[in-house]
Structures are given as C-alpha cells and as structure tokens.
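Visitor: Predicted model and sequence follow; I will ask about them next.
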Amino acid sequence: MIELRSVLGKMAGHTRRKYAPPERLAWFCYRFAVAFKAGIPVADAVHLVAGDDEYFGKHLVRIGDDIHAGIPLHQALSNQGLFPPYLVSMIKVGETTGALDKVMESLAVYYEQKHSLRHEIKDALTYPLILISMVAAVVLVLTSKILPVFDDILAASGADMPVIARGLMNLGMFISSNIAWLAATPLVLGLIFWVWKSTPEGKETFARFQAETKILNGIFPKIYAARVSSVMWYALESGLDVGKALEMAAQVAGNGYVAKQLAWCRQKIEKGNDLAECFNSVNIFPSSFVNMVRVGHKTGELPSMARKMAAIYQDEVHRTLHGAVSRIEPVLVSALSVVIGVVLIAVVLPLISIMSSMG
C-alpha cells in the first residue's frame, strides 16, 4: 500500500511538470545559436535574450544569476523545471564538446519539426474524431432504441430479425446498459499501466520494448540512432574519444535500457572490441546504422560518418512520423464508412422484412 501510494505520488508530481511548448523552445534555441555563433559568451547571451523575451524572461534572469554563480548552462536550465531533459542533456553535450552553437541550432530544428508535427496530428485527428463521436452516438441510439422496436414488430408478425441486425441490436443494448463500466475500463487499465510503468521492473521492461520494437517502421531505433550519431559527431569532432562519446550519448538517449547498452558498449570498446560489432550485439540500432559505423571506423572517417548518420536518421524519423500522420485521417474515415454501411444495412433489412410481412 505504501509503495502504491509513493508511485501515485510520483505520477502526480510528473503530471504537474509542464515543459515549455516546442515552438517556444525552437525560438529559444535559435536565438542562442545565433548569439553563440557570433562569439558572445554564455552569460552575455542569456542577458541579451532575456531582454525581449516575455515567456522566458523571468527564468532567464534566474539562469543568468546561476551562471554568474558558476553553474553550467545545462544545470541552470534544469533548475528552472521548464526545459525537457533531452534539451538539457544536449546542451550539456554542447558545453563539453565546445559545439554549443551547433547543438542549439540542431535543437531549434528539432523543436520546429516537433511543433509542426504536433499541429499535423491535431489537424488530422480533429475532424475524424468529432465525426466518429457523432456517428457513435447515432449508431448507439439506432441499435439500442430503434432496432428493438423493429424486433417487436417482426415478432408480432411472426417474422425473424435478420442476423446482422440482431447482432448489432444485442451489441447496442449491451453497450447502452453497461456504458459506465465500458467507459471506466480504459481508465482503470490506463491507471494500472502507469502504476506498473512507474515501478523499476515496469520501467525497464517498457524501455526495452521501446528500444527493440519495430512498430511504425522501427521509429524508436531510428530515434536512438539519430541521437547517438549526433552526440558522436559533436564529441569526435571536438577531439574526444569514442568511449567519452558513448558516455554522453547514454545521457541523451532518453531510454534507460539504451543507456545501459551504450554503457556496455563502452566497456567492451575499452577492452579492445570493435565498435560496430558492439552496436550490432545490443540489437537496438538499424542494420544500416551499424554498417555505416563499421565503414566510418575502418576508414578513419567516423566523425564525418556520424554527422551524415545524424542527418539521415533525423530525416528518417521526421518522414516516418509525417507519413504515419498523413495516413491517420484516411484510415479513420475508411473505418467509419464501413461502420456506417453495416449499420445502414442492419436498419434497412428489418424494414424490408417488416414490409414483406405486411404484404
């Protein structure tokens, strides 16, 4: 009971945390990228950006105070509770590698794409979901109120209700009489899932599922490949070794299981194992990613190859998500059309039977 209470408390604390929206983060990162490219020091850049920023202004003042106190930028941002962990981790990578301007620029593009995708999803779902809700209400009334009337009329005339119509009528009456339980069931299952996911075992199992799943054309492995490639690019170009690059990549991955596998790869590499073989052994990354790492490592061009891989997989992730979103509306409308067709048939058939019995 105590453990459940603590898990629920953590969940409540997590739901209260609200990060800045992607469009705000994109603009925030872009301005810092411009400032850092111009060679402006971090403290001066914070003061410059804070001057005309109504959304982040108060936070930037506190961030500036932290920086003057000797706190690194990534920690100062984390202290505000307004910036997502991925942004904070990437800025830490930028500070470590000296590529803060490049990191900020890539983050600006990342959050611009995230903002655009969020709007595409909203636009793709709004109309179909409204239509589905309206049709569901009409279908429920037809199957639970109208079809039983037809059934009584047919029974009085000695005729039988068509099979399709009877099946839909029974389903509609069941849903109508148990609608409270049916509505509560998904909520209860969702709560059980979140409680399980908040436990150490559930968190690790879910993280492993994300890392190894092939849903949406392997979208999660592509995300991790893009993140690892980006960090390797920044780290290797700044002169850091592969082990340090993997250590920083583990902090950016956003998945505990992937972070553990990257730590294992680092240990193997320090013992003299091949980098590509280590990536292949963890069974997370796409085969094309492993092959490109192998080529880059053998030719001594791993930094430039990592840069290319980062661009390729970031584009792959964006195109995969965009393609999935573009298919949402047609799929929902097609499914809705089938449901409407079946319901119309179920309503028309009893009418035909009634007319036949009257004739």
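Guide: Looks like it arrived, so ask away.
Visitor: Residue ranges in the stretch 251-359 of the chain under the pLDDT threshold?
Guide: Scanning the stretch 251-359 of the chain with the threshold set as pLDDT under 70 gives 354, 356-359.
Visitor: per-domain residue ranges of the protein.
Guide: Per automatic domain parsing, the domain ranges recorded for the chain read 17-110, 113-359.
Visitor: Tell me the buried residues in stretch 289-304?
Guide: 289-290, 292-294, 296-297, 302-303 (16 or more other Cβ atoms under 10 Å). Using the backbone N, CA and C atoms, a C-beta is placed for each residue, glycine as well.
Visitor: related to what we said a few turns ago, from the domains of the chain, which stretch is densest packed?
Guide: Comparing those by mean neighbour count (mean count of other Cβ atoms under 10 Å), domain 17-110 ranks first with a mean of 18.
Visitor: If you count contacts, what does the helix or strand hosting Trp27 end up packed against?
Guide: Here Trp27 sits within helix 22-37, counting by DSSP states H and E. Contacts defined by 3 or more Cβ pairs under 8 Å, 6 or more residues apart in numbering; DSSP states H and E place helix 22-37 against helix 42-50, helix 100-141.
Visitor: Worst mean pLDDT among the ones you listed?
Guide: In terms of mean pLDDT, the lowest-scoring of the helices and strands packed on helix 22-37 is helix 100-141 (a mean of 84).
Visitor: can you list contacts of the helix or strand just after that helix?
Guide: Where DSSP H and E defines the elements, the next helix or strand beyond helix 100-141 is helix 147-156. Residues from elsewhere that reach helix 147-156 (Cβ atoms under 8 Å, 6 or more residues apart in numbering): 160-161, 165-166, 168-169, 172-173, 346-347, 350-351, 353-354, 357.
Visitor: From those, which land in helices?
Guide: The members of the contacts of helix 147-156 that map onto helices under DSSP state H are 165-166, 168-169, 172-173, 346-347, 350-351, 353-354, 357.
Visitor: which residues make contact with stretch 233-248 from outside it?
Guide: Identification of contacts with stretch 233-248 by Cβ under 8 Å, 6+ apart yields 92-94, 96-99, 102-103, 228, 231-232, 249, 262-263, 265-266, 269-270, 275, 302-303, 306-307, 309-310.
Visitor: Just the mean pLDDT for the helix holding Trp27, thanks.
Guide: 92.
Visitor: Skip the chain neighbours and tell me the closest residue to Ile328.
Guide: Using Cβ to Cβ, 6 or more residues apart in numbering and skipping residues adjacent in sequence, the residue nearest Ile328 is Ala124, 4.5 Å away.
Visitor: Might you report the residue contacts of the one you found?
Guide: Neighbouring residues of Ala124 by Cβ under 8 Å, 6+ apart: 325-326, 328-329.
Visitor: middle-most residue in the chain, spatially?
Guide: Phe220 (8.9 Å; Cα atoms, centre = their mean).
Visitor: excluding its backbone neighbours, what's nearest that residue?
Guide: Nearest to Phe220 is Gln210, by Cβ to Cβ, 6+ apart, at 4.8 Å.
Visitor: mind checking which helix or strand that neighbour is in?
Guide: helix 200-212.
Visitor: Tell me where the model's unsure across the stretch 51-200 of the chain.
Guide: Within the stretch 51-200 of the chain, the segments meeting pLDDT under 70 span 159.
Visitor: again, only using 50
Guide: Low-confidence segments of the stretch 51-200 of the chain (pLDDT under 50): none present.
Visitor: Next secondary structure after the helix holding Gln210?
Guide: Following helix 200-212 toward the C-terminus (DSSP H and E): helix 215-237.
Visitor: okay, the angle between that next one and helix 100-141?
Guide: Counting by axes from the mean of the first three to the mean of the last three Cα atoms, to 10 degrees, helix 215-237 lies at 170 degrees to helix 100-141.
Visitor: how big is the angle separating the next helix or strand after helix 215-237 from helix 215-237?
Guide: Counting by DSSP H and E, the next helix or strand C-terminal to helix 215-237 is helix 242-252. Angle of helix 242-252 versus helix 215-237, following the same axes, to 10 degrees, is 130 degrees.
Visitor: following helix 242-252, which helix or strand shows up next?
Guide: Sequence-wise, the next helix or strand downstream of helix 242-252 (DSSP H and E) is helix 256-270.
Visitor: Show me how far that following helix is from its chain's centre.
Guide: Distance of helix 256-270 from the chain centroid (Cα atoms, centre = their mean, to the nearest Å) equals 24 Å.
Visitor: can you check stretch 20-37 too?
Guide: On the basis of Cα atoms, centre = their mean, stretch 20-37 sits 21 Å off its chain's mean C-alpha point.
Visitor: now swap in stretch 183-191 and tell me
Guide: 21 Å.
Visitor: now stretch 212-228
Guide: Chain-centre distance of stretch 212-228: 11 Å, with Cα atoms, centre = their mean.
Visitor: do the same with stretch 292-301
Guide: With Cα atoms, centre = their mean as the basis, stretch 292-301 stands 31 Å off its chain's centre.
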